[in-house]
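1. Have a look; sequence and predicted model below, questions after that.
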Amino acid sequence: MNRNMKIFLFCLSVFLIIAGCIDLKQPKNKIQYYTLEYSSPSITDLKSLPVTLKIERFSVAPAYNTNRIIYGGKSFTRNEYFYYKWRSNPADLVTYFLSRDIRESGLFKAVLPQGSGFPFSYMLEGSVDEFFQLDAIESWNAVLSLTITLMAANEPDVSKSVLFQKSYSVKKACKHKNPQGLAQAMSLAMGEISKKVIRDIHSVLKNR
């Protein structure tokens with residue numbers, strides 16, 4: 001091995017060691033997780049009903065079937081953050097918080113989760129149609145859209161089993177243009193829709 005080759009290999013080794021040390025000292029970007037956080041809506045003007053609800057896990061539109069935070073500002077485009085994520089899939093977040101709010105309302109005898117073996121009177125299914133950050137020049141907005149379907153559990157006539165179907169959509173401005181601001185705005189949107197859903201379900205079932 002000639003002298004020039006030895007010098008080259010030595011320099012290469014030193015470079016690799018230095019590069020490795022630099023890489024170890026530089027912190028990698030850490031993934032940050034966000035979730036919804038709000039108090040269950042207070043509904044005091046309605047009477048409790050002797051019915052048991054079972055809530056199935058919601059489905060979610062393909063564009064939002066991920067725990068990465070989705071954002072977009074132009075038509076036909078949706079992008080995602082790499083280092084900012086929801087703690088769970090939007091379908092799981094919406095199903096959990098809606099179930100919690102319906103249960104905490106105290107307006108129904110019981111609220112059962114998917115997979116429960118207990119008998120129930122009615123079943124609620126739904127879909128998360130939109131769950132994203134809408135970017136605009138003046139502000140960011142949290143956009144949440146849901147569709148729910150309420151069905152009777154023991155109705156032999158399929159045409160009569162669907163009691164109610166409705167879509168809800170809310171847009172809330174983010175106080176701050178960052179993921180935490182989005183999480184806060186999305187929480188407000190979820191709380192608002194949840195209250196409307198509870199009232200609508202109660203309105204349908206109170207006369208049955």
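-> Noted; the coordinates are in hand.

2. Not counting residues beside it along the chain, what's closest to I70?
-> F132 (4.2 Å; CB to CB, 6 or more residues apart in numbering). (Each C-beta comes from the backbone N, C-alpha and C, glycine too.)

3. Secondary structure element for that neighbour, which one?
-> Taking DSSP states H and E as the criterion, F132 maps to strand 122-135.

4. In terms of pLDDT, where does the residue nearest to I70 sit?
-> You'll see F132 listed with a pLDDT of 98.

5. now do D135
-> So D135 comes in at 94 (pLDDT).

6. That one and G72 touch, don't they?
-> Yes: counting by CB atoms under 8 Å, D135 touches G72, with 6.7 Å between them.

7. low-confidence ranges in the chain?
-> For the chain, the stretches with pLDDT under 70 are 1-28.

8. redo that, cut-off 90
-> Along the chain, segments meeting pLDDT under 90 span 1-29, 73-76, 114-118, 136-139, 154-160, 207-208.

9. could you pull out the strands for it?
-> Applying DSSP state E to the chain gives strands spanning 32-34, 49-55, 59-60, 68-72, 79-86, 108-113, 122-135, 140-152, 162-173.

10. Which among these is found nearest to T95?
-> strand 49-55 (6.6 Å; CB to CB).

11. the inter-axis angle of the closest one versus strand 140-152?
-> 120 degrees (axes from the mean of the first three to the mean of the last three CA atoms, to 10 degrees).

12. so what does strand 49-55 touch, helix or strand wise?
-> Using 3 or more CB pairs under 8 Å, 6 or more residues apart in numbering; DSSP states H and E as the contact test, the elements touching strand 49-55 are helix 90-105, strand 108-113, strand 122-135, helix 179-205.

13. Now do the same contact list for L188.
-> By CB atoms under 8 Å, 6 or more residues apart in numbering, the contact set of L188 is Y38, A142, K172.

14. Any chance of CSV for the helices and strands packed on strand 49-55, columns distance to F76?
-> Listed next are these as CSV, based on distance: least, CB to CB, whole Å:
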stretch, distance to F76
helix 90-105, 20
strand 108-113, 37
strand 122-135, 13
helix 179-205, 21
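
15. Tell me how many other residues crowd the closest residue to V170 other than its chain neighbours.
-> The shortest distance from V170 to any non-neighbouring residue, by CB to CB, 6+ apart, is to A189 (4.2 Å). Using other CB atoms under 10 Å, A189 has 25 neighbouring residues.

16. cool, A142 as well?
-> If we define neighbours as other CB under 10 Å, then A142 has 24 of them.

17. What of L98?
-> Per other CB under 10 Å, the neighbour tally for L98 reads 22.

18. How about the contacts made by it?
-> I55, F58, G126, M190, S194, V197.

19. quick one: the second one from Y84, how far?
-> In other words, F58. Computed with CB to CB, to the nearest Å, the distance linking F58 and Y84 is 22 Å.

20. okay, these two: which has more neighbours?
-> More crowded of F58 and Y84, by other CB under 10 Å: F58, with 25 against 19.

21. show me the residues around that one that make contact.
-> F58 neighbours (CB under 8 Å, 6+ apart): A91, V94, T95, L98, E125, G126, S127, V128, L146.

22. For my notes, please list those in a markdown table and give distance to Q180 for each entry.
-> Putting the contacts of F58 into a markdown table (distance: CB to CB, whole Å) gives the following:
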| residue | distance to Q180 |
| --- | --- |
| A91 | 22 |
| V94 | 19 |
| T95 | 23 |
| L98 | 22 |
| E125 | 31 |
| G126 | 27 |
| S127 | 27 |
| V128 | 21 |
| L146 | 23 |
